[in-house]
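**Q** Dropping a prediction and its sequence here:
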Amino acid sequence: MASTLIVLAVIMGAVVFWLVRQTLNVQPWAEEGLVGQHHAGGPFSISSAKIGLIVFLAVASSLFSLFVSAYFQRMDFGDWTVAPEPVVLWLNTVLLIFSSIFFQRARNAAIKNRVGGVKSNLMIAGLFTFAFIGGQLWAWQVLHNNGYILSSNPANAFFYLLTAAHALHILGGLWVWSKTVFKLQNKVEVYKVRTAVELCAIYWHFLLLVWLVLFALLLST
Amino acid sequence: MAHVALADKGQELAHPKTWIGAYVWSQDHKVIGIQYIIVATAVGLVALALSAMMRLQLGFPGIFDLIQPNEYYSAVTMHGMIMVVFMLTAFFLGGFGNLLIPLMCGARDMAFPYMNMLSFWVYLASVLVLCSSFFVPGGATGAGWTLYPPQAITEGSAGSGMGIILMLISLALFIVAFTMGGLNYVTTAFQARTRGMTLMRMPLSVWGIIMATILGLLAFPALLVAAIMMLLDATLGTSFFMPAISDLGEVSSTSGGTPILFQHLFWFFGHPEVYIVALPMFGIASDLISTHARKNIFGYRMMVWALIAIGGLSFIVWAHHMYVSGMNPYFGFFFATTTLIIAVPTAIKVYNWVLTLWHGNIHLNVPMLFAIGFIFTFIHGGITGLFLGNVAVDVPLSDTYFVIGHFHMVMGVSPFLIVFGGMYHWYPKFTGRMLNDTMGKIHFWVTFLGTYAIYLPMHYIGILGVPRRYFAYGTTLSFPDSVQVINASITIAALIVGTAQLLFIFNIIWSLFNGKKADSNPWRATTLEWQTPDTPPKHGNWGPELPVVYRWAYSYSVPGADEDFIPQNEVPSENSKHEVET
C-alpha cells in the first residue's frame, strides 16, 4: 500500500496544511463585524467547476494509486508471469501526448478568444484521443491473439484492468469534449465554452500523467 | 478574475414549474436531502427487521424458526452493509449534508445542483439493486459485511452467485453517487459561502461533514477497486484474490490469488468509513450541545483541528482490523500505536463536549437528551476500542461478541443517537412543525437504556468466549448455560428498542400534520439556517439578499447582550462591538 500512502499523504498533506494555515491564528470568538475582503465569500479566485474538477482529480489519483498498490502486492506471488508489452503502446503514448498538446493549444486559443484556433485544435486533439483508444484496443487484440487472455495470469488481468480503467476515464472526458465541439459547431461564442476547454485540457494532462505512470509500471515489471 | 466565486455570481436557479419538477426530479438541495433521508430510513428499517430476525434466532433458537442458517448469514451481511454504508453514510452526508451545508454557509443551493440530483437517483438505484439481491436465486450474499474472499464468491457459501454480484454492483453505484454528492459538498463549502462566512466561522456540523466528505472521496476508491477486482474474479475467472482451492478433490481453476490483498483494500476504505460516519456525528453533536446548553462550544479551534487530525490519521490505522489475518509483529505494533494516537484528538473532543456542558444553561430538550446520551455511548464504545486496538487483546476477542458490543456502541448506537438528535433539532426548520415532545422523550429513554440492555451483556458474553457469526451454538462450545438466558434478554431488549423506532417514525409522520407550529427559530440558535426569511426555506433559501455574517457560530450567553444568543448575521451594534474589543 506504500504507493497509495504516498499519493494520499501528498493530498491529505495539502488539505491539512491549507486548512491549518487558514485556521492557525484566527480567533473567531474575539472577532466581530465584517472581516476583510480576503475573507469574504469563496477564498479561491477560480471557478467552481475548476474546483470540482480538481477534487475529482484527487479522487481519480486515489483510485489509480490503489490499482498500482494492488499491482505491487499481487506481483509478489509466485504465479505472476510477465506479459510482453505490445509495441503499439509506444505509438499510443505518442498519440496521447499529441492530444494533450493540442488540448493545451485549444485552451490558449480560447483564452485569446480565437474561434478558429479553438475549433481546429479541439478537433485534432479529439482525433488523437480516438486514435489512442483505437491503439489501446489494438494492443488488447495483439495480447489476446498471442494467448495472453484475462484469466490466464494475474499480470494479464492487471494489464487489461489498468488500461480499461484509464480508457474509461478518457471516454468520460470525450463526452465533455463532444458536447463542447457540438456547441462550437452551433456557433456558440468562445467565452461560453472557455471553461469547458480549459477543464478538458487539465483533465487530459492528468490522464496523460496517469498513463505515463501506468506505462512505466508495465514496462518496468 | 478575483472574487467571482460566491457560487460564481449571478448563477440563475431554475425554478421548477411542475410538481414533479419540484419534488421528484428536484435540484433543490433541501428536497434532495429529504429524499436521501427517506430512502436511507426505508432501507434502514429493512436492516432493522433483519436484526430482529437474527435476534429471535439467537435468543430463542428453534422456537420461531424464521430463518435458515444460510439466510442468517445473508441477514448478518445485509444488516451490516446497509447500516454502515446505505443508511448512516447516506443519511449523514446525503441527508444532513444536503440539508445543512448550503443553509449553514449562507448559499442559495449546492454548487452543481444537477449533479446533486443525479447523485440521489444513482443512490436510489444502488439501494434498489442491493434490495433486489434478496430475491435472486441463492439469496443475498452471506459473506459478512466485509465480503472477504474466497468464501464470498466460492460456491457453497450463502449468496455466492448473483447475491454477491449484485452487492458489488450496488456498492459501485453507491460510490458513483457518493462521488457526485461529495464533489458538491466540498465545492459548495469552499466556494459558495456567503460574505463574512470565514472557514473559522463555520458551524462544526459543516466542518464535520466536509472532513468526512474528503475522507470518503479518497477512501471509497479503495472499495471500488476491491469491488471491480472481485467482480472480475467472480465472473471472468481472474485470480486477483482467489487462491487455488481444492474442494473434495477438485481443484478450482483459480490459483495464486491473495485474499489478504482484498482485506487491505477493504479496510483501507473500511477504517476511514468509520470516520466518514463519525466526523459528521462529532460536528452535529457539538452544535446540539452548544445550542441547548446556551454556551459557546469549548475549544472551537481545538475541535476543528481534532476533526482535521482524525481525518488524516484515519488513513493509517486500517490494519488493526486485520490482526487475526496474521502480520509482521512490527506492523501490528505500528498499527496499534497509530490506533492509540487517533484516540487523542477523539478524547479532546469528548472533553470539550463535557466542558461545554460545564456551567452551561442546560435545556433538556429532546435533541439535547440525545446528544448527552451520545456522549455516554461514545465514551463507552471508544474505550472498548482502545482495548481492541492492542494486538494481544484483540486476537482472543476478535471473533467474539465483545467486538459486536464495541462497534455497535461506537458506530451503531452513537451515530444513530445523533441522527435522532439532529432530526428532532432540525425537523421544525424543514417542515414548519415541532416533533411531539412526549413521544420524543419516550423514544429517547427506551432507545438509550435499551441499548445498554442490548450491548453491555454482549461485552460480557464476548469475554466468556461466545463466538460471533454463529447461527446456533450446538453442544461443542464451552460456555455456561446462562449465556442462553443473556441472549434471550438481549433479544427482548432489542425488540423493545426496535419498536421504539417505529414510534419515532410515527412521530415524524403524525407531527407533519398535527405537530405544534414552529416559529423560524424555535431553539433560539445562532447559525444561519435558523435565520431564513421563510420556514421551511423556499427554493433559493434567502429571498432577494444573501445574509451577511458578522460573527462565529457560537455567540451564546454573551455578557451584556440583550438575549442569550446573537445570530451570526445580526448587525453588530456600537456597544456590543466595543465590548468585544475590550
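**A** Noted; the coordinates are in hand.
**Q** in stretch B:63-82, what's buried?
**A** Across stretch B:63-82, burial judged by 16 or more other C-beta atoms under 10 Å in any protein chain shown covers B:67, B:70-82. C-beta here means a position set from N, CA and C on the backbone, and glycine is covered the same way.
**Q** Between these, which sits nearest chain A?
**A** Among these, B:M81 lies closest to chain A (C-beta to the nearest C-beta), at 20.2 Å.
**Q** Looking at the buried residues of stretch B:63-82, which two lie furthest apart in space?
**A** B:N70 and B:I82 (18.2 Å; C-beta to C-beta).
**Q** Give me the number of neighbouring residues for residue 178.
**A** Since you didn't name a chain, this refers to chain A. 11 (other C-beta atoms under 10 Å in any protein chain shown).
**Q** look at chain B instead
**A** With other C-beta under 10 Å as criterion, B:F178 counts 27.
**Q** from what I can see it touches B:L218, true?
**A** No: at 11.7 Å, B:F178 does not count as touching B:L218 under the criterion of C-beta atoms under 8 Å.
**Q** If we look just around chain A, which residues of the stretch 301-450 of chain B are in range?
**A** Selection of the stretch 301-450 of chain B residues close to chain A by C-beta under 8 Å from any C-beta of the partner chain yields B:R301, B:V304, B:W305, B:I308, B:G311, B:G312, B:F315, B:I316.
**Q** Separate out the buried members of those residues.
**A** Counted by 16+ other C-beta under 10 Å, those give B:V304, B:W305, B:I308, B:G311, B:G312, B:F315, B:I316 as buried.
**Q** Where does the stretch 401-550 of chain B get nearest to chain A, residue-wise?
**A** For the stretch 401-550 of chain B, C-beta to the nearest C-beta, closest residue to chain A: B:Y550, 5.6 Å.
**Q** And for B:Y114, nearest residue in space, chain neighbours not counted?
**A** Take B:Y114 and drop its neighbours on the chain: the residue closest to it by C-beta to C-beta, 6 or more residues apart in numbering or on different chains is B:Q27, 5.9 Å away.
**Q** Would you map the strands across chain B?
**A** B:246-247, B:250-251 (DSSP state E).
**Q** quick one: average pLDDT of the first one?
**A** Model confidence over strand B:246-247, given as mean pLDDT, is 79.
**Q** pLDDT below threshold where in the chain?
**A** Picked chain A for this. Counting by pLDDT under 70, chain A contains low-confidence ranges at A:35-45.
**Q** my question was about chain B
**A** Using pLDDT under 70, chain B drops low at B:1-14, B:574-582.
**Q** Out of all residues in it, which is the farthest from the middle?
**A** B:G249 (45.3 Å; C-alpha atoms, centre = their mean).
**Q** next one: chain A
**A** Quick read of chain A (C-alpha atoms, centre = their mean): farthest out is A:A30, 43.7 Å.
**Q** That one and B:W552, how far apart?
**A** 9 Å (C-beta to C-beta, to the nearest Å).
**Q** can I get the CA coordinates of stretch A:131-151 in CSV?
**A** Taking Å, rounded to 0.1, in the frame of the first residue of the first chain, the C-alpha atoms of stretch A:131-151 are listed here in CSV:
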residue,chain,number,x,y,z
ALA,A,131,-6.6,7.1,-32.2
PHE,A,132,-5.2,6.4,-28.7
ILE,A,133,-8.3,4.5,-27.8
GLY,A,134,-8.2,2.5,-31.0
GLY,A,135,-4.5,1.8,-30.4
GLN,A,136,-5.3,0.5,-26.9
LEU,A,137,-7.9,-1.8,-28.4
TRP,A,138,-5.3,-2.9,-30.9
ALA,A,139,-2.9,-3.7,-28.0
TRP,A,140,-5.6,-5.8,-26.4
GLN,A,141,-6.1,-7.6,-29.7
VAL,A,142,-2.4,-8.3,-30.0
LEU,A,143,-2.1,-9.7,-26.5
HIS,A,144,-5.3,-11.7,-26.9
ASN,A,145,-4.2,-13.3,-30.2
ASN,A,146,-0.9,-14.3,-28.6
GLY,A,147,-2.7,-16.2,-25.9
TYR,A,148,-2.4,-13.7,-23.0
ILE,A,149,-6.0,-13.8,-22.0
LEU,A,150,-7.6,-12.2,-19.0
SER,A,151,-8.0,-15.2,-16.8
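**Q** Give me the residues contacting it.
**A** A:83, A:86, A:88-89, A:91-92, A:95-96, A:99, A:156-157, A:159-160, A:163, A:167, A:170-171, B:232, B:236-239, B:253 (C-beta atoms under 8 Å, 6 or more residues apart in numbering or on different chains).
**Q** Now for B:Y452, how many residues are close by?
**A** So B:Y452, with other C-beta under 10 Å, has 15 neighbours.
**Q** what do you get for B:T476?
**A** Based on other C-beta under 10 Å, the number of other residues close to B:T476 is 5.
**Q** ditto for A:I133
**A** Residues near A:I133, counting by other C-beta under 10 Å: 16.
**Q** What helix or strand is it located in?
**A** helix A:115-145 (DSSP states H and E).
**Q** Tell me who's in contact with the residue lying closest to B:G422 once chain neighbours are set aside.
**A** Once flanking residues are discounted, B:G422 sits nearest to B:I284: 5.0 Å by C-beta to C-beta, 6+ apart. Going by C-beta under 8 Å, 6+ apart, B:I284 touches B:F96, B:S205, B:G208, B:I418, B:G421, B:G422.
**Q** Would you confirm that the fourth one contacts B:G283?
**A** No: if you go by C-beta under 8 Å, B:I418 and B:G283 don't touch, sitting 9.2 Å apart.
**Q** And the residue of the stretch 351-500 of chain B found nearest chain A, how far from B:S557?
**A** Distances between the stretch 351-500 of chain B and chain A by C-beta to the nearest C-beta are smallest at B:T356, namely 13.1 Å. B:T356 is 12 Å from B:S557, where distance means C-beta to C-beta.
**Q** Which stretches in the stretch 201-350 of chain B count as helices?
**A** B:204-235, B:259-292, B:300-313, B:329-357 (DSSP state H, counting those that start in this stretch).
**Q** Contacts for the shortest one, please.
**A** Okay, so that is helix B:300-313. For helix B:300-313, using C-beta under 8 Å, 6+ apart, the contacting residues are A:12, A:16, A:19-20, A:23, A:26-29, B:200, B:204, B:207-208, B:211-212, B:214-215, B:275, B:278-279, B:282-283, B:286, B:297, B:338, B:341-342, B:345-346, B:348-349, B:352, B:552, B:554.
**Q** Figure out how far that helix is from the centre of its chain.
**A** In this view, helix B:300-313 has its centroid 18 Å away from the chain centroid, taken as C-alpha atoms, centre = their mean, to the nearest Å.
**Q** do the same with stretch A:98-105
**A** Worked out by C-alpha atoms, centre = their mean, stretch A:98-105 lies 14 Å from the chain centre.
**Q** got it, and stretch B:459-468?
**A** 26 Å.
**Q** What residues of that stretch count as buried?
**A** Quick answer for stretch B:459-468 (16+ other C-beta under 10 Å): B:H459, B:I461, B:G462, B:L464, B:G465, B:V466, B:R468.
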